[in-house]
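> Sequence plus predicted model, see below.
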Amino acid sequence: MRQTRVIKTIDGRGLEPPEPFVLTLEALEASGPAEDVLLLLSREPYPLYRALELNGYSRQTRIVSDGTVEILIWRGPK
């Protein structure tokens, strides 16, 4: 597992689409090259995954025991 420094956690579990998508992209645009974003959702955001890939971001997704999808996002290759 890579060492990370999460600079912003976005809890999108109670938000309606596309708000988590927009908030995540805004946070990533405002972050520096060594800064990461952690996104919490109720389901996997497949459109976001594609947008991240197209914009040069990598991600690691895990589903925790309560069903929350945690997505750690950073700039650059995996």
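Received, thanks.
> Please give the element, helix or strand, for the residue nearest to residue 24 when sequence neighbours are not counted.
Leaving aside its chain neighbours, residue 24 sits nearest to residue 39 (5.3 Å; criterion: Cβ to Cβ, 6 or more residues apart in numbering). Where you see a C-beta, it was placed from the backbone N, CA and C, and this is true even at glycine. If you go by DSSP states H and E, residue 39 is part of strand 36-41.
> Ok, residue 50 next?
Residue 50 is part of helix 46-54 when elements are defined by DSSP H and E.
> contacts for that helix?
Contact partners of helix 46-54, identified using Cβ atoms under 8 Å, 6 or more residues apart in numbering, comprise 20-21, 24-25, 39, 58-59, 71, 73.
> where do the helices sit along this structure?
For the chain, the helices defined by DSSP state H cover 19-30, 46-54.
> Out of those, the one nearest residue 9 is which?
Residue 9 lies closest to helix 19-30 among those, at 9.4 Å (Cβ to Cβ).
> low pLDDT regions in the chain?
Filtered on pLDDT under 70, the chain yields the residue ranges 1-4, 6, 78.
> now do 90
Low-confidence segments of the chain, defined by pLDDT under 90: 1-7, 31-35, 75-78.
> Show me which positions of stretch 19-37 end up buried.
For stretch 19-37, burial by neighbour count (16 or more other Cβ atoms under 10 Å) applies to 20-21, 23-25, 27-28, 31, 35-37.
> from those, which single one is nearest residue 63?
For the buried residues of stretch 19-37, the nearest to residue 63 is residue 20 (16.0 Å; Cβ to Cβ).
> which residues does the closest one contact?
Here residue 20 is in contact with 10, 12, 39, 41, 45, 48 (Cβ under 8 Å, 6+ apart).
> Which single one of those is nearest to residue 64?
Closest to residue 64, out of all of these and judged by Cβ to Cβ, is residue 41, at 11.3 Å.
> Verify the stated contact: the closest one with residue 14.
No: between residue 41 and residue 14 there is no contact under Cβ atoms under 8 Å: 10.1 Å.
> These two: which is more packed in?
residue 41 (22 against 9; other Cβ atoms under 10 Å).
> what's the nearest residue to residue 64 if we skip its chain neighbours?
residue 70 (6.1 Å).
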